[in-house]
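Chemist: Kindly return the folded structure for what I paste below:
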Amino acid sequence: MALEVGMKWKETQEVTQNNTAETLGSGGLSVYATPAMILLMEKASFLLAEQALEEGLTTVGTSINIKHLSASPVGSQIVCETELVEIDRKRLVFHVEVFDNAGKIGEGVHERFIVEGEKFLAKAKTKLEQ
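Modeler: I've put the predicted structure just below:
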């Protein structure tokens with residue numbers, strides 16, 4: 001399978017105390033945290049790309065521009081839908097939307113870059129030598 005514009009992926013999760021703004025430190029209330037929503041957006045996009053990449057290749061997140069539109073209480077079911085909307089050589093662009101039981105709670109654009117996993121890690125580790 002090759003990466004193609006139009007590919008879609010869904011990931012779900014439940015809002016628990018572990019992924020609230022209060023617990024993650026991004027706010028003081030027990031509602032679904034924006035950092036948790038961003039993580040779900042990245043995870044869904046990563047998994048979409050990963051299924052179609054050759055062995056040894058992976059993707060890394062390089063940009064995210066999102067809006068968190070509505071609060072979701074503990075117990076809500078969260079669904080993230082991502083769609084690959086652009087391929088520019090090794091740059092992948094995803095449109096992401098997130099929903100809870102009552103409707104859309106987030107949306108945005110996420111970009112990932114295709115890299116060779118081992119080469120990328122080796123380069124990152126050189127920072128420890130400086």
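
Chemist: My read is that residue 65 contacts residue 108, right?
Modeler: Yes - the criterion here is C-beta atoms under 8 Å, and residue 65 meets it with residue 108 at 5.3 Å. The way it works is simple: take the backbone N, C-alpha and C, and place the C-beta from them, glycine included.

Chemist: between the two, who's got more neighbours?
Modeler: Neighbour totals were compared for residue 65 and residue 108, and residue 108 leads with 17 against 10 (other C-beta atoms under 10 Å).

Chemist: Now the element after the helix or strand hosting that one, going C-ward?
Modeler: Counting by DSSP states H and E, the element that carries residue 108 is strand 103-116. Where DSSP H and E defines the elements, the next helix or strand beyond strand 103-116 is helix 117-125.

Chemist: Work out the gap between that following helix and the centre of the chain.
Modeler: When distances are taken as C-alpha atoms, centre = their mean, to the nearest Å, helix 117-125 is centred 21 Å away from the chain's centroid.

Chemist: Just the pLDDT at residue 130, thanks.
Modeler: In this model, residue 130 is scored at 80, pLDDT.

Chemist: what's the distance between it and residue 124?
Modeler: Per C-beta to C-beta, to the nearest Å, residue 130 is found 12 Å from residue 124.

Chemist: so where's the longest helix in the protein?
Modeler: helix 34-50 (DSSP state H).

Chemist: List the buried residues of it.
Modeler: Along helix 34-50, these residues count as buried under the neighbour rule (16 or more other C-beta atoms under 10 Å): 34, 36-46, 48-49.

Chemist: of residue 130 and residue 124, who's got more company?
Modeler: Between residue 130 and residue 124, counting by other C-beta under 10 Å, residue 124 is the more crowded of the two (10 against 4).
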